[in-house]
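In: My questions are about this predicted structure, shown below with the sequence.
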Amino acid sequence: MSADFSPADEAFMRRALELARGGEALGEVPVGAVVVANGEIVAEGFNAPVSRHDPTAHAEILALRAAAAAQSNYRLEGATLYVTLEPCTMCVGALVHARVARVVFAATEPKAGSLVSARRQLESGYYNHVFAWQGGLLADDAGAMLSAFFRRRRAEQKAGAGNSTNGAGLPPTPFSAMESE
């Protein structure tokens, strides 16, 4: 653990990693998130866009929704969100609107990360609120979980190339034939 992170930070991130494993068990990309206010977890979530049929059901969004409901306020001023993967553009926008004070993430997301990797969204200058953020807490643990998940998924897709699913274990869509042309 880096000297920049407290023992409480590590404990909250470990809980987010547990949540990520729970999502992975359901076939979701393993990302977990917790919202902490006044030193206590007030809400948590894990990725669920597949199971909820909701493209916005990222771990961060679900945790923010639950925290807002628990606090009876969509503004989560003073709260910290812990998440196992650097937030995407949508999630950074939601974090800004929720007015969280701080975000702590584990692994960077080179393709879609919007704090430090693919984009540096908070540096744009057009947000009326910005939050503090730190990355890298338990990054090796989160990165290993994500890498193993995608390695298994690719192997499953390769092994199932000749069956009647679309590669995600789902029946073919009307567009499946066009995708192979």
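Out: Received, thanks.

In: Only C-alpha atoms from now on, for both contacts and neighbour counts.
Out: Will do.

In: mind listing what's buried in stretch 145-155?
Out: By neighbour count with 16 or more other Cα atoms under 10 Å, stretch 145-155 contains the buried residues 145-146, 149, 153.

In: hang on, isn't residue 140 packed against residue 105?
Out: No. Counting by Cα atoms under 8 Å, residue 140 sits too far from residue 105 to count as a contact (11.7 Å).

In: low-confidence ranges in this protein?
Out: Low-confidence segments of the chain (pLDDT under 70): 1-3, 161-181.

In: ok, which stretches of this structure are strands?
Out: 32-37, 40-46, 80-85, 102-107, 132-135 (DSSP state E).

In: most packed of those strands?
Out: Of all the strands of the chain, strand 80-85 carries the top mean neighbour count, a mean of 30, counting by mean count of other Cα atoms under 10 Å.

In: I'd like to know how far residue 65 sits from residue 36.
Out: As judged by Cα to Cα, to the nearest Å, residue 65 and residue 36 stand 13 Å apart.

In: meant to ask about residue 56, not that
Out: Taking Cα to Cα, one finds residue 56 at 21 Å from residue 36.

In: Then residue 130?
Out: From residue 130 to residue 36 the distance is 18 Å (Cα to Cα).

In: In this protein, where's the longest helix?
Out: In the chain, assigned by DSSP state H, the helix with the most residues is helix 139-159.

In: ranges for the helices of the protein?
Out: Counting by DSSP H, the chain has these helices, from start to end: 7-25, 49-52, 59-71, 89-98, 139-159, 176-179.
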